[in-house]
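Q: Sequence unavailable; structure follows:
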């Protein structure tokens, strides 16, 4: 059994149960992003690291009104256990949300989950045997990879460019893995306003990637938390809008309303949905009745589409502030210029190393997420993810200015050590930034 | 791979992904209790089957007041992501709740979970490899067994009597399993007001069972949802009050407040707690901030101990109604007479079969849970679980009267077939009912 205790924080070398854990427990490691959260929560630090939505843009009376109405009319139901699949009324309303991205479905094929994160967990529990492979974009969402690894599956990163996952690379990776006798269980993808890359899969590529998945009998796991948070124009319709039997689609209210309720969902082919409900019941008995009813009431009574427009405006302004600040202070860097979502993916020139740079950054009171967090294979050292969702535009400008200071300090230091052989080229994951994305 | 599709409801034989599931998915089966919920939810049926607390005994303004206060003073925190371990303030308050059962602990050793059900899931994910054994009382909690099986572990039932788990039987089972080379990972126990058996482990046996677990290097998983819901006198202090390093303790607000918020917790030895937080973050990122703050505010401002007293009074009255009705209508049966909790465990004389009797019962508009649901090995056919938590005393009396009709109908039918050899003796799991429990 792997020495799991070595991968943990202090104190665990005294764990009297260290030889009792399951083999899969070795895959549960603290992510780099997690350690950052503690640091970045100090108020003097400008955090460009987290993924917290700006819930203050949500009028409190809007939520309060929904809560009051639920307690007044459905209190005993809100306080009680519900079904493992989630309330039918909420599932019907979720159809309206998904229709905005071209999805036509049946409410019976939806399972309400504890955030879409738990849908990721349930799908993984249902499908992943030790040694299986999950195909994912490189870079990919940190905590999805943590889950895949916790079920002892390996993540194989397929390259992206500014139009998203590259179909030809996908074909090559599938062929290579199969020639090694590997079992590919899932293609995990965030097609719209990718976390962390900020890019969006083009419509033509969506069709092509679905075709590749079909040909190769690979189930697609489409994770779409940001799809409705576009700036100037909507993302192409969801993969699930084209393909019903080969896609499990994940959605959430965490970004379009508020994450504090922990309500997301999976839309799955019917037989898979049946198993997801069983897995959901085993894990939590049922999703929170209270949270579900509050969100259902909000969707019924509030101008939720107008509220999403408000969020879009806030994030668009902040994204513009970030891009302007990067142009002003770090012109030697390159970055993606997203049309929606929360993140900009930055590529630094050699020999900068984002992970090595982080301690200095925190000292200079700015936090970011090193690119390595988004790769399972050590890639991403010349990349960093900057998030513009939570800090104000002023804070973003201040943060990028501090980041530029950090970079100058690092370059000074690196120059001092130049030629000593202590630096290694790790390869930049750079996406070109065509003019149509500016 | 096992034919998972055969274990599912209609339609799944068309599942195009049937050969893609993980091996563990075969362990996810719909429980007998689950199918019952659908039937028993029809209003004309008196359900003695479910485990829903009577939340209507909770004054709505008490909860509403906590919600209003949270939204007024901490709205943006309630709507946002929180930490994977849960809010420190709530964890401090949970120490006060556990102190009522003799537990002294550190708030840092607590993880807030999505109901204590999710703590069961996380512990299982962390510890259970395929082929491991979990020791559990016979009978035991249905959905715990579903989780253990979903991680491909086997449940070995250790017999109980009216004083709970039998220490000598525990020693024998451990010896027998080890002589077969089996790995025992956990002893899962509900020591107080057991679900479904209704019995409580005596203080002397608590000490003895902890001693056996220590000697045999077996981690104890103490599940205590009902401990504070005693009727006439408190249960003995928790196992965790005696033993710190060898016990993971699970608690919940589902029965002392309301299940609709889905808030429970695990108190674990420190190194295990660290891993539980990682597993919790992987599964759901964080427990609901909103639910946590509402419960924290409720504990801070409301007379929560007084409210638990109110619940005790309600359930005590209903338990008495059930016992009286059983004495009047089914004197040929035996049953446990619990000092707390939600359930009475009934033993029927041969040749009655609780599972075979269920369709007739539903036709007569009364529902119960067949004893077989609480065994992984086919036991419990002469047993049934009756719950007195949700129906009123009048409904309980009506339900037991209907049950007596069902039994008479069954006995008539069985007499008709007597001597044809179609009946088999499955063994009764009868607990004697000593006078001190009456």
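A: Yes, it's here. Every value quoted in this text rests on a predicted model; they were computed, and no experiment measured them.
Q: Can you get me a residue count around the residue in the stretch 301-438 of chain A positioned nearest to chain B?
A: Using C-beta to the nearest C-beta, the single residue of the stretch 301-438 of chain A nearest to chain B is residue A:390, 9.3 Å away. (Glycine included, C-beta is placed from N, CA and C.) Neighbour count of residue A:390, defined by other C-beta atoms under 10 Å in any protein chain shown: 21.
Q: is it fair to say it lies in a strand?
A: No - per DSSP: H, G, I helix; E, B strand; the rest coil, residue A:390 lies outside any strand segment and is coil.
Q: So it sits against residue A:52, correct?
A: Yes - Residue A:390 is in contact with residue A:52 according to C-beta atoms under 8 Å; the separation is 4.6 Å.
Q: Can you pull the residues of the stretch 201-350 of chain A lying near chain B?
A: Along the stretch 201-350 of chain A, the residues adjacent to chain B under the rule C-beta under 8 Å from any C-beta of the partner chain are A:219, A:245, A:254, A:258-262, A:269-272, A:274-275, A:278-279, A:281-291.
Q: try 6 Å
A: With C-beta under 6 Å from any C-beta of the partner chain as the criterion, the stretch 201-350 of chain A meets chain B at residues A:245, A:258-262, A:270-271, A:274, A:278-279, A:282-285, A:288-290.
Q: quick one: which of those residues sit in helices?
A: Mapping those onto helices (DSSP state H) picks out A:270, A:271, A:274, A:278, A:279, A:282, A:283, A:284, A:289, A:290.
Q: And those residues, which two are furthest apart?
A: For those, the farthest-apart pair by C-beta to C-beta is A:271 and A:290; their separation is 30.4 Å.
Q: Comparing these two, which residue is more hemmed in?
A: A count of neighbours by other C-beta under 10 Å puts residue A:290 above the other of residue A:271 and residue A:290, at 30 against 22.
Q: contacting residues for the more buried one?
A: A:78, B:260, B:261 (C-beta atoms under 6 Å, 6 or more residues apart in numbering or on different chains).
Q: quick one: which of these sit in strands?
A: The subset of these located in strands under the criterion DSSP state E is empty.
Q: Serialize the residues you listed to JSON lines and add fields for distance to residue B:19 and pLDDT.
A: Shown next, in JSON lines, are the contacts of residue A:290 (distance: C-beta to C-beta, whole Å; pLDDT from 0 to 100):
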{"residue": "A:78", "distance to residue B:19": "41", "pLDDT": "96"}
{"residue": "B:260", "distance to residue B:19": "39", "pLDDT": "97"}
{"residue": "B:261", "distance to residue B:19": "40", "pLDDT": "97"}
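Q: hmm, which of these are the buried ones?
A: Buried residues within these, counting neighbours by 16 or more other C-beta atoms under 10 Å in any protein chain shown: A:78, B:260, B:261.
Q: isn't there a helix covering residue A:53?
A: No - according to three-state DSSP, residue A:53 belongs to no helix; its state is coil.
Q: Check what pLDDT the closest residue to chain B within the stretch 151-300 of chain A gets.
A: Chain B sits closest to residue A:271 of the stretch 151-300 of chain A, with a gap of 3.3 Å, by C-beta to the nearest C-beta. Here, the pLDDT recorded for residue A:271 equals 93.
Q: so for the helix or strand containing residue A:212, what's the average pLDDT?
A: Assigned by DSSP states H and E, residue A:212 falls within helix A:203-215. Taken as a whole, helix A:203-215 has an average pLDDT of 98.
Q: Now do that helix: everything it contacts.
A: With C-beta under 6 Å, 6+ apart, helix A:203-215 has contacts from A:164, A:167, A:170, A:171, A:187, A:220, A:236, A:239, A:242, A:243, A:246.
Q: out of the residues of the stretch 201-350 of chain A next to chain B, which are buried?
A: A:258-262, A:270-271, A:274, A:278-279, A:282-285, A:288-290.
Q: which residues touch residue A:140?
A: Contacts of residue A:140 by C-beta under 6 Å, 6+ apart are residue A:374.
Q: what separates it from residue A:130, distance-wise?
A: As judged by C-beta to C-beta, to the nearest Å, residue A:140 and residue A:130 stand 20 Å apart.
Q: same deal with residue A:90?
A: Counting by C-beta to C-beta, the gap from residue A:90 to residue A:130 is 35 Å.
Q: ok, these two, which is more surrounded?
A: More crowded of residue A:90 and residue A:130, by other C-beta under 10 Å: residue A:90, with 25 against 14.
Q: Just the element for that one, please.
A: helix A:88-99.
Q: Give me the buried positions along that helix.
A: A:90, A:91, A:93, A:94, A:95, A:97, A:98.
Q: Please state the offset of it from the chain centre?
A: 22 Å (C-alpha atoms, centre = their mean, to the nearest Å).
Q: What is the neighbour count of residue A:215?
A: With other C-beta under 10 Å as criterion, residue A:215 counts 10.
Q: could you pull out the strands for chain A?
A: A:46-47, A:110-113, A:133-138, A:154-161, A:164-165, A:184-189, A:219-223, A:247-252, A:264-267, A:334-335, A:343-347, A:366-367, A:369-370, A:383-387.
Q: now those as a markdown table including mean pLDDT and mean neighbour count?
A: Shown next, in a markdown table, are these (pLDDT from 0 to 100; neighbours: other C-beta atoms under 10 Å in any protein chain shown):
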| stretch | mean pLDDT | mean neighbour count |
| --- | --- | --- |
| strand A:46-47 | 94 | 24 |
| strand A:110-113 | 98 | 27 |
| strand A:133-138 | 98 | 25 |
| strand A:154-161 | 97 | 19 |
| strand A:164-165 | 98 | 26 |
| strand A:184-189 | 98 | 25 |
| strand A:219-223 | 98 | 25 |
| strand A:247-252 | 98 | 26 |
| strand A:264-267 | 98 | 26 |
| strand A:334-335 | 98 | 20 |
| strand A:343-347 | 98 | 24 |
| strand A:366-367 | 94 | 26 |
| strand A:369-370 | 94 | 26 |
| strand A:383-387 | 97 | 27 |
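Q: which ones are touching residue A:329?
A: A:400, A:401, A:404.
Q: can you tell me which of the residues you listed are up against chain B?
A: Of the contacts of residue A:329, not one also sits near chain B (C-beta under 6 Å from any C-beta).
Q: Name the member of those residues that has the highest neighbour count.
A: Neighbour max across the contacts of residue A:329 (other C-beta under 10 Å) = residue A:400, 27 neighbours.
Q: Quick check: it vs residue B:358, distance?
A: Counting by C-beta to C-beta - residue A:400 and residue B:358 are separated by 67 Å.
Q: swap in residue A:58?
A: From residue A:58 over to residue B:358 (counting by C-beta to C-beta), the distance is 48 Å.
Q: What of residue A:225?
A: 43 Å.
Q: Between the two, which is the more surrounded one?
A: The neighbour count for residue A:225 versus residue B:358, taken as other C-beta under 10 Å, is higher for residue A:225 (27 against 22).
Q: Please list all residues in contact with the more buried one.
A: A:252, A:255.
Q: Now do it, the pLDDT please.
A: Per the predicted model, pLDDT is 98 at residue A:225.
Q: And for residue A:433?
A: For residue A:433, the predicted pLDDT is 42.
Q: can you check residue A:39 too?
A: Residue A:39 is given a pLDDT of 67.
Q: Now the closest residue to residue A:16 other than its chain neighbours: phi and psi?
A: In space, residue A:16 comes closest to residue B:245 once its chain neighbours are excluded; the distance is 6.0 Å by C-beta to C-beta, 6 or more residues apart in numbering or on different chains. Reported as degrees, to the nearest 10, the phi and psi values for residue B:245 are phi -80, psi -20.
Q: Correct me if wrong: residue B:245 contacts residue B:271.
A: No - using C-beta atoms under 6 Å as the test, residue B:245 is too far from residue B:271 to be in contact (9.7 Å).
Q: Quickly note the distance from the closest residue to chain B within the stretch 51-200 of chain A to residue B:67.
A: At 3.7 Å from chain B, residue A:79 is the closest residue in the stretch 51-200 of chain A, using C-beta to the nearest C-beta. The gap separating residue A:79 from residue B:67 is 11 Å, by C-beta to C-beta.
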